[in-house]
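Enquirer: Just need the structure, nothing else, for what follows:
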Amino acid sequence: MPLLLLLLMLLSICPPVYAAPDLFSFAESLAAEEDHYRAITEYKRFLHYFPQDPRAPRAQLGIAESLLAGQRWEQAEAALEKTWQIHPTSPEATEARRFYAQSAFDQKKYPEARQRYQQLKGISENLAEQSNYQIGLSYLEEGAVDKAQESFAALNRADTGKLLTTLEEYRQLPRKSPSLAGTLSAILPGAGQLYTERPRQSAVAFALNAVFIYGAIEAWNNENYTVAGILSLFEIGWYGGNIYNAMNNAHKYNRAREETFKQRFKLNFGMLGQTPWLQAQYRF
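Expert: Numbering: from 1, shown residues only. Alright, predicted model coming up:
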């Protein structure tokens, strides 16, 4: 009887032999279902009970990936650093460094992203091609086409010539001058909006300014100076807003065309093996 009780106590204390794969597979399934908050908990549970398991590097990287999916950048980068510090010789260590560089890119920290990609090139020859591509893309995001060209020219791919030719199209994109848009609206309210291809805004701007100017003149002619002053103050506001709106429209016009070009460029020349959180929306 005492021996039976001892065996029961040992069984209750020690996890069963199938606990490790079950915990790990459960964490992986949660991540696959995009339930990242719970996935992090299960990855941590697995690492707590089985820190020496061969799947430990993958679990540590899984924590970082789930944090990246939730855009918890600082925590994610700390988890990535932990991955290559604890498991420096594992394949996950290299993958963690790739995610580390991509994390800075996704946060639009382009100089930092370039620095990390340069370091990645020195660590992994296999990722040098993708690193050069991402460095070029970071320059394109900043509008530095010449520097982007230099990075893309280093790519060893069959369509590099076509890529560089397409990149030249960025310089030829139709753009609107913000200063010209503002000047036109200063001369004639609504003209800048028409120049930036916003006819409805143009009509509204012209009508509002015309009404307030006409009202102020009429009030002045009728010696109703108080009303004339109030209407003039309103008109000054509308007039200034009309100029600002025209200039802002020009910036929006340019950004829209540049963004369309970038999306088309990425679609046509994107690298395989991009980080998964770029391709889907995750719930956290």
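Enquirer: Name all residues that make contact with Ala39.
Expert: Neighbour list for Ala39: 27-28, 30-31, 62, 66 [criterion: CB atoms under 8 Å, 6 or more residues apart in numbering]. Backbone N, C-alpha and C define where each C-beta goes, glycine included.
Enquirer: how far away is it from Pro54?
Expert: 19 Å (CB to CB, to the nearest Å).
Enquirer: sorry, back to before: please list only the buried members of the contacts of Ala39.
Expert: Among these, those scoring as buried are 27-28, 30-31, 62, 66 (criterion: 16 or more other CB atoms under 10 Å).
Enquirer: can those go into a markdown table with extra columns for pLDDT?
Expert: Shown next, in a markdown table, are those (pLDDT from 0 to 100):
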| residue | pLDDT |
| --- | --- |
| Ala27 | 89 |
| Glu28 | 90 |
| Leu30 | 90 |
| Ala31 | 89 |
| Gly62 | 95 |
| Ser66 | 95 |
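Enquirer: ok, which pair from those is furthest apart?
Expert: The span of the buried ones among the contacts of Ala39, defined through CB to CB, is set by Glu28 and Ser66 at 10.7 Å.
Enquirer: unless I'm mixing things up, Glu169 is touching Glu258, no?
Expert: No - taking CB atoms under 8 Å as the definition, Glu169 is not a contact partner of Glu258, at 11.2 Å.
Enquirer: Who has more neighbours out of the two?
Expert: When neighbours are counted by other CB atoms under 10 Å, Glu169 and Glu258 differ, and Glu258 comes out ahead with 16 against 11.
Enquirer: Am I right that the more buried one is in contact with Arg171?
Expert: No - between Glu258 and Arg171 there is no contact under CB under 8 Å: 11.1 Å.
Enquirer: where exactly do the helices run in this structure?
Expert: For the chain, helices defined by DSSP state H occupy the ranges 2-13, 19-32, 36-49, 56-69, 73-86, 91-106, 110-123, 128-141, 145-153, 160-171, 178-187, 191-195, 199-221, 225-269.
Enquirer: List the buried residues in the fifth one.
Expert: Across helix 73-86, burial judged by 16+ other CB under 10 Å covers 76-77, 79-80, 83-84.
Enquirer: elements contacting it?
Expert: helix 56-69, helix 91-106 (3 or more CB pairs under 8 Å, 6 or more residues apart in numbering; DSSP states H and E).
Enquirer: Could you export these as TSV, including distance to Asp35?
Expert: Formatted as TSV, those follow (distance: least, CB to CB, whole Å):
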stretch	distance to Asp35
helix 56-69	9
helix 91-106	20
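Enquirer: ranking those by burial, who's on top?
Expert: Neighbour counts (mean count of other CB atoms under 10 Å) averaged over each of those peak at helix 56-69, with a mean of 25.
Enquirer: How far does that one sit from its chain's centre?
Expert: Computed by CA atoms, centre = their mean, to the nearest Å, the chain-centroid distance of helix 56-69 equals 20 Å.
Enquirer: and what of stretch 193-203?
Expert: With CA atoms, centre = their mean as the basis, stretch 193-203 stands 30 Å off its chain's centre.
Enquirer: next one: stretch 79-94
Expert: Relative to the mean C-alpha coordinate of its chain, stretch 79-94 is positioned 24 Å out (CA atoms, centre = their mean).
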